[in-house]
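Novice: Just to be clear, the model below is a prediction. Sequence and coordinates:
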Amino acid sequence: MKLPTTLNINGYIYKIKYTDDMRTVSDDGEKCFGYIDSYNKEITVYKDGHEMQTILHEVFHALSEILHLKCFDGKKGHKELDILSSAVMDFLIRNNIVKL
């Protein structure tokens, strides 16, 4: 599957960058598979074979911010966003909407 280099998320164009380096962005020093820079409209994705799930996760972050949703705030909300991203990706694959 060809990975996207840009995405239109609710009318905003985000540039997608891929990297071999995991990024540390959390206060507790955890590494992350993706990072969204909402100000510059960029999403950085670690290349690990699960890029589409990471992109979906970051899209949910973007939508949450754009739509002023609070349900994914904090550590608990972020974990729930991980679960939702995984479930939606599974749905897309099982129903042949996305082919990997």
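Specialist: All right, it came through fine.

Novice: Please name the residues that touch the residue nearest the centre of the chain.
Specialist: Nearest to the centroid of the C-alpha atoms of the chain, with distances taken as Cα atoms, centre = their mean, sits Glu58, at 2.0 Å. Shown in contact with Glu58 (Cβ atoms under 8 Å, 6 or more residues apart in numbering): Gly34, Tyr35, Ile36, Ile43, Val45. Just so you know, the C-beta spots here come from the backbone N, C-alpha and C atoms, and that holds for glycine as well.

Novice: repeat that with 10 Å
Specialist: 7, 9, 14, 16, 32-38, 42-45, 81, 85 (Cβ atoms under 10 Å, 6 or more residues apart in numbering).

Novice: Mind checking which of these land in strands?
Specialist: Under the assignment DSSP state E, the contacts of Glu58 contribute 7, 9, 14, 16, 32, 34-37, 42-45 to strands.

Novice: Give me the buried entries from these.
Specialist: Among these, those that count as buried by neighbour count (16 or more other Cβ atoms under 10 Å) are Leu7, Ile9, Tyr14, Ile16, Cys32, Gly34, Tyr35, Ile36, Ile43, Thr44, Val45.

Novice: of all these, which comes closest to Met22?
Specialist: Nearest to Met22 among these, counting by Cβ to Cβ, is Cys32 at 6.8 Å.

Novice: in terms of contact, does that closest one touch Tyr46 like I think?
Specialist: Yes - A contact is recorded between Cys32 and Tyr46 when judged using Cβ atoms under 10 Å, the distance being 7.6 Å.

Novice: so where's this protein shaky on pLDDT?
Specialist: Filtered on pLDDT under 70, the chain yields the residue ranges 23-29.

Novice: ranges for the helices of it?
Specialist: Taking DSSP state H as the criterion, the chain carries its helices at 51-66, 74-94.
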